[in-house]
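Trainee: coords please:
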Amino acid sequence: MELSPATSDHAAVEAVHAALVDAAAHLAEVGARTEALAEYVPARRTLLVPRAERLRPIGDVWRLGVVLLASGAGGGGGASTGGAKPALYATGALTRSHEPGRPTYQAASAERRRQLRVAAYRGHFRPGTTVNFDAKPIPIDASLIGASGPLTVRDGVALVRWSESSTFDAGALTPFIPYLAERVALLAAPPEGA
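Mentor: As a prediction, the model looks like this:
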């Protein structure tokens, strides 16, 4: 019996979900390195008291190339999955927490990067901690069918897109399940010196 295109697309979405559950369980079991996930909170005033921008902690994630995987257990990636539903995010911006220092005034872009490192520090991340932010959630449901984000389902196959600029480049799509397996293997047992 041959599956209809709609049925095979929904089966591909289910396969993605199952692969993510397995990946999260394996990464938690081997104690793979996680990175912090945060939400950017802009500067504001609260009862006339100025509050500086900061990166508010959300949890921990495993970086798997163009996607970030959180186990769903307590919002973080480092905990045991315990049957919790893993969450997937499109990789956004990245910084490292750093104590406040003096403004550099060398270039606007360099100063902005320094400000984001300090915002991570204000979010109570230890200095040197890698912090991901502006990561967009990727729902693992029927909305993946024909999606234009980093993960899409077409003709019954889940595909990952290498970069946002490749939205219309079919050559930039590769099957997601083998991509995920390769990234999990690299994170679970990184090459020597990595």
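
Trainee: State the distance from the residue lying closest to residue 16 once chain neighbours are set aside to residue 186.
Mentor: Distances taken as C-beta to C-beta, 6 or more residues apart in numbering put residue 158 closest to residue 16, at 4.7 Å, once the chain neighbours are dropped. In short, each C-beta sits where N, CA and C put it, glycine included. Residue 158 is 19 Å from residue 186, where distance means C-beta to C-beta, to the nearest Å.

Trainee: Figure out the helix or strand that the residue most central in space within the chain lives in.
Mentor: Centroid-nearest residue in the chain: residue 68, 2.3 Å away (criterion: C-alpha atoms, centre = their mean). Secondary structure from DSSP states H and E places residue 68 in strand 67-70.

Trainee: Make sure residue 123 is actually in contact with residue 53.
Mentor: No: if you go by C-beta atoms under 8 Å, residue 123 and residue 53 don't touch, sitting 9.6 Å apart.

Trainee: ok, back up a step: okay, the residue nearest to the centre of the chain: pLDDT?
Mentor: Looking at residue 68, its pLDDT reads 97.

Trainee: Just list whatever residues bridge to it.
Mentor: residue 63, residue 89 (DSSP bridges).

Trainee: So it is in contact with residue 61, correct?
Mentor: Yes: the pair formed by residue 68 and residue 61 meets the contact definition of C-beta under 8 Å, at 4.0 Å.

Trainee: what sits in contact with each of those two?
Mentor: The contact sets of residue 68 and residue 61 overlap at 35, 37, 89, 132, 135 (C-beta atoms under 8 Å, 6 or more residues apart in numbering).

Trainee: ok, the residue nearest to the centre of the chain - contacts?
Mentor: Contact partners of residue 68, counting by C-beta under 8 Å, 6+ apart, are 35, 37, 61-62, 88-91, 132, 135.
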